[in-house]
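**Student:** missing the sequence, but the structure's below:
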């Protein structure tokens, strides 16, 4: 390997999973320096997003023990590598206990966690690096929407908490923004005219914006009508975009480089649909992928995460059915169940993340 040009070595290493690269830091000093370089971490992450053959998406399940689920491996029948137990993150000391309460956001392999004693912690499950954040002002006392995103203009990660309750009852909404480089929170004011955010909801980061589901004023009581974007760089709300259909319940996720919305349609919620968009804006063009009767899937108010595999299967985390993850193929009408151990709270949370080497320093 030493006879190869450095750029060839770098290119080869970007194809490898984070777990292997962390072990390879012990090969020699030059490899340790290379793999620890933030620029290499960016190249490695870029490869994961651009190469369709890569399989670095995981479902992080806040059971006890904590699990990382490779749902693509499960889809391919590789059950031996589908479920991996992880140690709980510990941002303060190696002797203190730590338990996950809620996932507040995920971006580039970094996951934001609210623990059981209301600490906010950033964690990279691949590198095991964690960082406890200073507490925000008072978001825990209100309905709130959260998310984690990347500001390419400053090369910084931002945690966002948007409170759907205001003291004045106006269109103004309080938004708290944490920046990793400054390690501080600040408050910015936003406006959502005629739109209500969908309560405690973890936003999806896509194309420079955090996306939440919202309800347009005047709609039916349970309809989710619009997607509400928050520009990470400008730190302001953008114009809401209508959903491709009226959903009774819905989830946002990313499939490849496209935005995906999955959920039950009104009025009765008896039909389940999946839609895809490659570009985002007021004139967003949506494509319906499939539809099927909702009784093909076990769904309830506790279902917390949905995703599409490369084979077109729907991943559903039914935390209301403890320890059960479902992969459903709508064309073949085939179902696979993945069971995880859980000695903790049966109503656990979950989040999608990308395996990466991104550092919190």
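**Tutor:** Happy to help now that I have it. Computed from a predicted model, the values in this text were never measured in an experiment.

**Student:** and the longest helix for the chain?
**Tutor:** Ranked by residue count under DSSP state H, the longest helix found in the chain is helix 38-50.

**Student:** what about the helices in the stretch 1-150 of the chain?
**Tutor:** Listed in chain order, the helices of the stretch 1-150 of the chain (DSSP state H, counting those that start in this stretch) span 6-13, 18-24, 29-36, 38-50, 71-75.

**Student:** How far away from the center of its chain is the shortest one?
**Tutor:** What separates the centre of helix 71-75 from the centre of its chain is 18 Å, taken as C-alpha atoms, centre = their mean, to the nearest Å.

**Student:** So that it lines up with my notes, have the first residue be 53 from now on.
**Tutor:** Understood, numbering begins at 53; the last thing we discussed is helix 123-127.

**Student:** What lies in contact with it?
**Tutor:** The contact list for helix 123-127, computed with C-beta atoms under 8 Å, 6 or more residues apart in numbering, reads 107, 109-111, 131, 133-134, 359, 361-363, 365, 367, 377, 379, 388, 390. (C-beta placed from N, C-alpha, C; glycine too.)

**Student:** can you check stretch 288-298 too?
**Tutor:** 225, 240, 242-244, 247, 261, 265-266, 268, 271-272, 275-283, 302, 313, 317-318, 325, 327, 329, 332-334, 336, 338, 340.

**Student:** Let me see the domain layout of the protein.
**Tutor:** With automatic domain parsing as the criterion, the domains of the chain are listed as 58-88, 97-406.

**Student:** in the shortest one, what counts as buried?
**Tutor:** Residues of domain 58-88 classed as buried by neighbour count (16 or more other C-beta atoms under 10 Å): 61-62, 65-66, 70, 73, 83, 86-87.

**Student:** Quick one: end-to-end length of that domain, please.
**Tutor:** Length of domain 58-88, first residue to last, C-alpha to C-alpha, to the nearest Å: 15 Å.

**Student:** hang on, the earlier thing: dump the buried residues of domain 58-88 to CSV, plus distance to residue 205 and pLDDT.
**Tutor:** Formatted as CSV, these follow (distance: C-beta to C-beta, whole Å; pLDDT from 0 to 100):
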residue, distance to residue 205, pLDDT
61, 31, 89
62, 26, 91
65, 28, 93
66, 24, 94
70, 26, 93
73, 28, 94
83, 32, 89
86, 27, 92
87, 27, 93
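
**Student:** Just name the closest of those residues to residue 399, please.
**Tutor:** Nearest to residue 399 among the buried residues of domain 58-88, counting by C-beta to C-beta, is residue 70 at 29.7 Å.

**Student:** so residue 342 sits right up against residue 380, yeah?
**Tutor:** No - using C-beta atoms under 8 Å, residue 342 is not in contact with residue 380; the gap is 10.6 Å.

**Student:** These two: who's more crowded?
**Tutor:** residue 380 (19 against 15; other C-beta atoms under 10 Å).

**Student:** how far away is the more buried one from residue 405?
**Tutor:** Separation of residue 380 from residue 405 (C-beta to C-beta, to the nearest Å) stands at 22 Å.
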